[in-house]
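Undergrad: Provided below are the primary sequence and the corresponding predicted coordinates.
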Amino acid sequence: MTAIPGPELNSGSTGLPDDLRTAGPPALVIDGVSKRFVVGRKKKPVVAISDVSMRLERGDVQGVLGSNGSGKSTLIRLMCGLLTLDEGRVEVFGHDIVRDEMAVKRLINRVSVDAAFFKKLSPMENLLFAARLYGLDGRTAKHDAIAILGRLGISEKRVGRPVEQMSRGMQQKVAIARALLTSPTLLLLDEPTTGLDPRSKLDVQTFIEELKETHDATIVLTTHDLAEAERLCGRITILNDGKVVAEDTPEGLRAMTAIRLGRPATLEDVFMTYTGRSLDDDVEEDESEDD
Amino acid sequence: MTVVTHELKASYAFIERNFFLTRRYWGWELAFLVYSVAGALSISLIGVAQGSETLVLSLMIGAIFWNYLSVVFSWIAETISVERWEGTLEYTMMAPIRRSSQLLGSVSYAMVYGFVHTSVIFVALVLFFPQLDLSQANPTTAFTFMLLGSFSFVGIGMIAAILPLLYVERGAQMTFVLQSVLLLVSGVYYPVDILPQWMQVLSRLSPATYVLEGVRAGLIDGTPVNELLFDVWPLLVMGVLFIPFGLWAFGKAERYAKRTGKLKRVG
């Protein structure tokens, strides 16, 4: 497989030997993290995340599954310092997110479900802005941006036109390029394929797969797409009402559920067993929210 | 790379991005400029109708220098609300940069943009009123007050910029109201002593009041800066107090927004 062009996203592979994966501090430690939000003066605080713990070694790809409102995006925001912790601690490659905020920020980047850009600016202008915030010089940033966008199927002649003229799928690819441009060692992908057409979804998934195999970036992926989780993630955490209700490899989760159900289990069975919901419920909820 | 170099690069990111935005919205920029020139001319023509050259000059100065101060204020105060609107706020906030670098970039661009914008209006007015006698004018005084006023307005702009952090929906509206109040109490088109007593107290808290008094004294009467110290020191004090206070308040507001989840995209 051809290596993904662009910045030095750390050499190596996720097929790293175990002794190399576990050499040095873990890529991510989430230890007893809780987060509550006050939603009204006379209302009780809403518990968004409750006593969540996780540990990722370098090169791991960890999926986070859960219904709408289960706390997936809140957990991602806590990992990248966009929310303060009420309890617990988060460490990225040994750096505490509270005490050593700048060091953590330099190591991570995030792709969220909504590809947020200055819509009137071009992909290149948006990427240049993002790159400079992370200390890259303009020439390197332009070169790397063109290489990464090219790999994602966005040609050089397309990078000068406003983002608003691009399809949702194309915008999401630019969002992924923005994250990769800064060479994150911990990449947080918050439903990166939600709302994309099947072709764009496949493109993005293939790119993540390549990224997994050609670079040693550690990835946390939240998704509603169970097939995507199974394809991309080495381990999966299931969140329900802000709590971790199951955590294992996809095979392990299926095996545990099969024992409970007394028959072979799919990942959908796993999801329903641990959250009490089907994915169709979530889709209907999304649609009613849209209405 | 040293910390200073990294932070300067980050500041430049905001200058460059704001330039890209100005370039991309060039049609609106032109329309805004035409509107500003027309507004300044319309107001100055009131002086012509009254047959008073001093009034024409006084109104011109009010229109031109208020334009500069309000442009600087808007660019800085909208630093957060623009990003919230576009949905990029979380990305900027999670980047490894200090808020002071972000604000330095925004402030630098605001001042250069304001200077260019206001210069065009100034040239248009001078061409429209060629008969105006500016032989007594002291441009050094005008420039000094413009510069001093910039810093105090930057401080107020920083304080205003936190409103959209604290109040997701209402913050930008509150910033706009603050700017309107400054326009009302600062003697932009009339002397502040015609205002009700309680408004005159407010006018003394607005840096624009001192800037306009100083610039008018410099351009109409030719008064040098050293004779206008009673207008200089309040600007100095405001600049020295407002900018550090603005930075401190911005940091507090950011922590509050992170605690309550208000950085999340809305709009």
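TA: Here it is on my side, so go on.

Undergrad: avg pLDDT for the strand or helix carrying B:Thr144?
TA: Assigned by DSSP states H and E, B:Thr144 falls within helix B:139-161. For helix B:139-161, the mean pLDDT works out to 91.

Undergrad: quick one: name the residues of the stretch 51-200 of chain A near chain B.
TA: By the rule C-beta under 8 Å from any C-beta of the partner chain, the part of the stretch 51-200 of chain A lying against chain B is A:74, A:77, A:80-84, A:102, A:105-106, A:108-110, A:112, A:114, A:116-121, A:125, A:128-130, A:132-135, A:137, A:162, A:178. (Glycine included, C-beta is placed from N, CA and C.)

Undergrad: which of those are buried, as a PyMOL select command?
TA: To isolate the buried ones among these in PyMOL, judged by 16 or more other C-beta atoms under 10 Å in any protein chain shown, type:
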select buried, chain A and resi 74+77+80+81+82+83+84+105+106+108+109+110+112+114+116+117+118+119+120+121+125+128+129+130+132+133+134+135+162+178
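
Undergrad: mind listing what's buried in the helix holding B:Thr144?
TA: For helix B:139-161, burial by neighbour count (16+ other C-beta under 10 Å) applies to B:141-142, B:144-146, B:148-161.

Undergrad: do stretch A:259-269 as well
TA: A:Ala265, A:Leu267, A:Asp269.

Undergrad: now those residues in CSV, with pLDDT and distance to A:Glu247?
TA: What follows is the buried residues of stretch A:259-269, written out as CSV (pLDDT from 0 to 100; distance: C-beta to C-beta, whole Å):
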residue, pLDDT, distance to A:Glu247
A:Ala265, 93, 16
A:Leu267, 91, 14
A:Asp269, 93, 17
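
Undergrad: among those residues, which one lies nearest to chain B?
TA: The shortest gap between chain B and any of these belongs to A:Leu267, at 29.1 Å (C-beta to the nearest C-beta).

Undergrad: which elements pack onto the strand or helix carrying B:Leu30?
TA: Per DSSP H and E: B:Leu30 is located in helix B:26-49. If contacts are counted by 3 or more C-beta pairs under 8 Å, 6 or more residues apart in numbering or on different chains; DSSP states H and E, helix B:26-49 sits against helix B:53-86, helix B:99-128.

Undergrad: tell me the buried residues in the last one?
TA: Think helix B:99-128. Here helix B:99-128 shows B:99-111, B:113-114, B:117-118, B:121-122, B:124-125 as buried, counting by 16+ other C-beta under 10 Å.

Undergrad: so is B:Gly187 in a helix, a strand, or just coil?
TA: Secondary structure, DSSP: H, G, I helix; E, B strand; the rest coil: B:Gly187 is coil.

Undergrad: distance from the chain centre to stretch A:96-107, please.
TA: Centroid separation between stretch A:96-107 and its chain, computed with C-alpha atoms, centre = their mean, to the nearest Å, is 18 Å.

Undergrad: ok, A:Pro45 - contacts?
TA: By C-beta atoms under 8 Å, 6 or more residues apart in numbering or on different chains, the contact list for A:Pro45 reads A:Arg36, A:Phe37, A:Val38, A:Val39.

Undergrad: dihedrals phi and psi, the second one?
TA: Yep, that's A:Phe37 we're talking about. When read as degrees, to the nearest 10, the backbone of A:Phe37 gives phi -120, psi 140.

Undergrad: do the same with the last one
TA: Recorded main-chain torsions at A:Val39 are phi -110, psi -10, according to degrees, to the nearest 10.

Undergrad: the helix or strand bottoming out on mean pLDDT in chain B close to chain A?
TA: The helix or strand of chain B with the lowest confidence, counting by mean pLDDT, DSSP states H and E, is helix B:163-166 at a mean of 88. No - shown here: helix B:163-166 not in contact with chain A (C-beta under 8 Å from any C-beta), separated by at least 12.6 Å.

Undergrad: gap between that helix and the chain center?
TA: In terms of C-alpha atoms, centre = their mean, the centre of helix B:163-166 is set 19 Å apart from its chain centre.

Undergrad: residues contacting it, please?
TA: By C-beta under 8 Å, 6+ apart, the surrounding residues in contact with helix B:163-166 are B:77, B:80-81, B:84, B:170-172, B:174-175, B:178, B:250, B:253-254, B:256-257, B:262-263.
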